[in-house]
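Q: Below: sequence and its predicted model.
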Amino acid sequence: MPSEERQKAVQNSRSCYLCLEKGHVIAKCRRKTSCVICGKKHHILLCRNIQAGSKSPISVNIRKDESKETVPQRDETLANLARTPNVLLQTLMVTLRGRDKKKKRQARAIIDSASQRSYILKCTADEMQFESSCKEELSHSLFGGTCNDIINHDVFTVFLSKTDGTYHCNFKALGQDVICGNALGILDPPEKKNKLELQEEARDHFLSTVKVNEEGRFQVSLPWLDNLLPFKDNYDLAIKRLDSTVKRFKAEKIYDPYGEVFNEWKREGIIEEVPKTEIHLPCHYLPHCHVVKENSTTRIRLVFDASAKQKGSPSLNDCLEKGLNLIELIPSILHRFRMNRIGVSTDIRKAFLQISLYPKDKDYLRFLWYGTDGKLKYYRHCRSRVVLSCLFP
């Protein structure tokens, strides 16, 4: 159909020249597109530059609420989809030569045009008596930008030629136990668990580890996330934060009262000094500061920063499962409190200090402070004094 007849059909149906929908004119059309052929404000099917005898399929379906259009086809290059279940690798039979040129054997070389390094099986290098000239540390980048662990490779000089002897070369190759396996050696990432599953696991962890110790106190284990222990030592961060905190405390004249809180905790068994023989063990240090509450029974309240992190290392909170969001339970508690005429509320003195920690978790709740003699002291928490992101049910 010539473009003039198309325009007349659209005009008779009182449709928009731009979107071909009924009920409005082109001046009030919401679409901001133009013709992809001539650039003018009209639908592509109404363009005068379209030849009447064109074989390109052009179809339009005018409806009250929508319109569908097909852009004229042009020459395109499409990639063919491989339907074969197996992929054949490019290989070549070559001859390996020893340094003395006497020892020879044939081997199959796998040609990988995308590889940045060359490899040789360690067993083949040993058989050909190739000597390792040096070692090289290498970390392979995988799909998604992830990297595997750093591996030490022996570097061999490989002497190679074509089987007919017409071409000779030598190059450096890294020793590898396995070069080509029968399965893809990259595992899919584990499926992410939803929020309810994580909360249920945290609850099960609490119920399976909570117990009453010999002091008659509840003892709990920190809900560690998988594959996050041990994390890097953050001693440098902790000592820098401590020095700046001490300088500020002395200027505010609260250094001595602040240190007296630690002395009281030590007498009550809330904290303990780390033995010199255990200072080198894997650990994590918590920077700390204070909050002053003039009208509170505890004027100086100590605050430990479990979200502090050193560059390239997670914080303590990053390594712990948060568990249930107990804040969501507050409305139901308030409703139950209003059900009866008389409401009674109580408080446990220093409630968090009544919960003991497993010995294996104490070293990840360490902190630093200076003693009365000015020497650096290493302390660790024996009870759950620190407000962490994890909440015990």
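A: Arrived safely, thanks for sending.
Q: Can you list the strands that the longest strand along the chain pairs with?
A: In the chain, assigned by DSSP state E, the strand with the most residues is strand 151-162. Using DSSP bridges, the strands paired with strand 151-162 are strand 90-97 (antiparallel), strand 132-138 (antiparallel), strand 168-176 (antiparallel).
Q: Identify the residues contacting the last one?
A: It refers to strand 168-176. The contact list for strand 168-176 (CB atoms under 8 Å, 6 or more residues apart in numbering) reads 117-122, 125, 132-133, 136, 138, 153-161. Where you see a C-beta, it was placed from the backbone N, CA and C, and this is true even at glycine.
Q: Check which element follows that strand along the chain.
A: Downstream of strand 168-176, the first helix or strand assigned by DSSP states H and E is helix 195-209.
Q: Need the mean per-residue confidence for that next one.
A: The pLDDT scores in helix 195-209 average 80.
Q: Looks to me like residue 130 is in a strand.
A: No. Per DSSP: H, G, I helix; E, B strand; the rest coil, residue 130 lies outside any strand segment and is coil.
Q: what about it, neighbour count?
A: Here the count is done by other CB atoms under 10 Å, and residue 130 has 22 residues near it.
Q: now the one 4 residues further on
A: Other residues near residue 134 number 9, with proximity taken as other CB under 10 Å.
Q: Tell me the spatial nearest neighbour of it, not counting adjacent residues.
A: Once flanking residues are discounted, residue 134 sits nearest to residue 155: 5.0 Å by CB to CB, 6 or more residues apart in numbering.
Q: surely the one you found meets residue 130?
A: No. In this structure residue 155 lies outside contact range of residue 130 using CB atoms under 8 Å: 9.9 Å.
Q: Can you report how many residues lie near residue 341?
A: 5.
Q: Actually, residue 96.
A: Neighbour count for residue 96, taken as other CB under 10 Å: 20.
Q: so it makes contact with residue 157?
A: No. With contacts defined as CB under 8 Å, residue 96 does not count as touching residue 157, sitting 11.6 Å away.
Q: how near is residue 171 to residue 99?
A: If you measure residue 171 against residue 99 using CB to CB, to the nearest Å, the figure is 14 Å.
Q: Can you give me the domain boundaries for the chain?
A: Domain assignment for the chain, taken from the TED database, gives 1-50, 90-176, 213-381.
Q: Quick check: nearest residue in space to residue 223, chain neighbours excluded?
A: residue 321 (4.2 Å).
Q: dump the residue contacts of that neighbour.
A: So residue 321 contacts 198, 201, 202, 205, 223, 224, 225, 390 (CB under 8 Å, 6+ apart).
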